[in-house]
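Engineer: Just a sequence and a predicted model for now, questions to come.
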Amino acid sequence: MKELFAIYDALLDGPGEERIQACAAGTFWTGVQTEHALGLAMTTAGDTAPRLLSGDYAQMTLRQLARGVKSWNYAEAGFAMAAVNAWYNTLSRLDSLDAREPYEHFCTRGLDLTGKRLGLVGHLRMPREILTQAGEVFILERDPRPGDYPDAACDWILPTCDVVIITASTLVNKTLPHLLTLCGDAYTILTGPTCPMCPALLELGLDRLSGMVVQDQGSMLRRIREDLPGPPYPLGQTFLLSRDRV
């Protein structure tokens, strides 16, 4: 990346003056709802840094709240990322790009990983055949489980990988730009409910974007407010954008 916030500047080119109707944050997910959409971001702990924005988020427009994506206050950045996704991740926008993709392979469609080194940044839900097909699989995680590598190992492992699949929550904690510099010429995929389906990101070091649109907004808001665990995919539709489709 030439400049740390280039990705964030690209994202901020989109959100308009649509007014926010509701905001909610739980242990697992943060959501921002407008009249037309509900954007999500994975909740990331860290509310110590000064906030960039002042005022009630629920009284802002998407454009106003989205500016917080550059914040080092992760709670604020989570709300801002959800606002960004309330703009980009809509059925009408993504259907205009012919981007619907079944959940079963919404980020891995057509990938041939035979004998390749695969890096997974975050605990991602991958089809089993993808993991068994790869020559080697490295899971890099800030909160590692048995068999995982700590996230500090990214600097050593990612430059050796052929394909890297990255959780989009790295947008909230600001690690994505550095991760992309480590990936070099690897094929890179950004994925998860936090992923903004913004085609401009495909010109900034990413080869694929795989995210979702929340369709059952009422159920998703209840999940957030009641701190219910579990992936939100059953409540929406998954999509895939790649360099050869935009």
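Structural biologist: Structure received. Numbering: from 1, shown residues only.
Engineer: Going along the chain, name the helices of this structure.
Structural biologist: With DSSP state H as the definition, the chain shows helices at residue ranges 6-12, 62-66, 74-88, 91-95, 128-133, 154-157, 176-183, 217-225.
Engineer: Quick one: find the helix or strand in this structure with the lowest mean pLDDT.
Structural biologist: The helix or strand of the chain with the poorest confidence is helix 128-133; it has a mean of 84 (mean pLDDT, DSSP states H and E).
Engineer: so how far is that helix off the chain centroid?
Structural biologist: In terms of Cα atoms, centre = their mean, to the nearest Å, the centre of helix 128-133 is set 22 Å apart from its chain centre.
Engineer: buried sites along it?
Structural biologist: Neighbour-count burial for helix 128-133 flags 130, 133 (criterion: 16 or more other Cβ atoms under 10 Å). (Each C-beta comes from the backbone N, C-alpha and C, glycine too.)
Engineer: What's the per-residue pLDDT of the spatially most distant residue from the centre of the chain here?
Structural biologist: Computed with Cα atoms, centre = their mean, the maximum C-alpha offset from the centroid of the chain is found at residue 115, amounting to 27.2 Å. Residue 115 is assigned a pLDDT of 93 by the prediction.
Engineer: can you give me the strands for this structure?
Structural biologist: Under the criterion DSSP state E, the chain carries strands at the ranges 20-25, 29-34, 38-42, 117-121, 136-141, 149-150, 163-167, 187-191, 208-214, 236-242.
Engineer: Report the rounded mean pLDDT for the first one.
Structural biologist: Strand 20-25 shows a mean pLDDT of 97.
Engineer: repeat for the last one
Structural biologist: For strand 236-242, the mean per-residue pLDDT is 97.
Engineer: before we move on, back to that, now for the residue farthest from the centre of the chain: which residues touch it?
Structural biologist: With contact set as Cβ atoms under 8 Å, 6 or more residues apart in numbering, residue 115 has these partners: 134-135.
Engineer: Domains in this structure, by residue range?
Structural biologist: Following the assignment in automatic domain parsing, the chain carries domains at 6-94, 103-212+234-245.
Engineer: which parts of stretch 49-60 are buried?
Structural biologist: By neighbour count, with 16+ other Cβ under 10 Å as the criterion, the buried positions of stretch 49-60 are 53, 57, 60.
Engineer: Start and end of it, how far apart?
Structural biologist: Taking Cα to Cα, to the nearest Å, stretch 49-60 runs 21 Å from one end to the other.
Engineer: Next, the residues that contact that stretch from outside, please.
Structural biologist: 19-23, 32, 64-65, 67-68, 70-74, 76, 79-80, 83.
Engineer: which of the helices of the chain is buried the deepest?
Structural biologist: Each of the helices of the chain was scored by mean neighbour count; the highest is helix 74-88, a mean of 28, by mean count of other Cβ atoms under 10 Å.
Engineer: Next, the angle from that helix to strand 20-25.
Structural biologist: Between helix 74-88 and strand 20-25, the angle comes out at 140 degrees (axes from the mean of the first three to the mean of the last three Cα atoms, to 10 degrees).
Engineer: that older thread, going by mean pLDDT, which of the helices of the chain comes out lowest?
Structural biologist: Taking each of those in turn, the lowest mean pLDDT turns up on helix 128-133, with a mean of 84.
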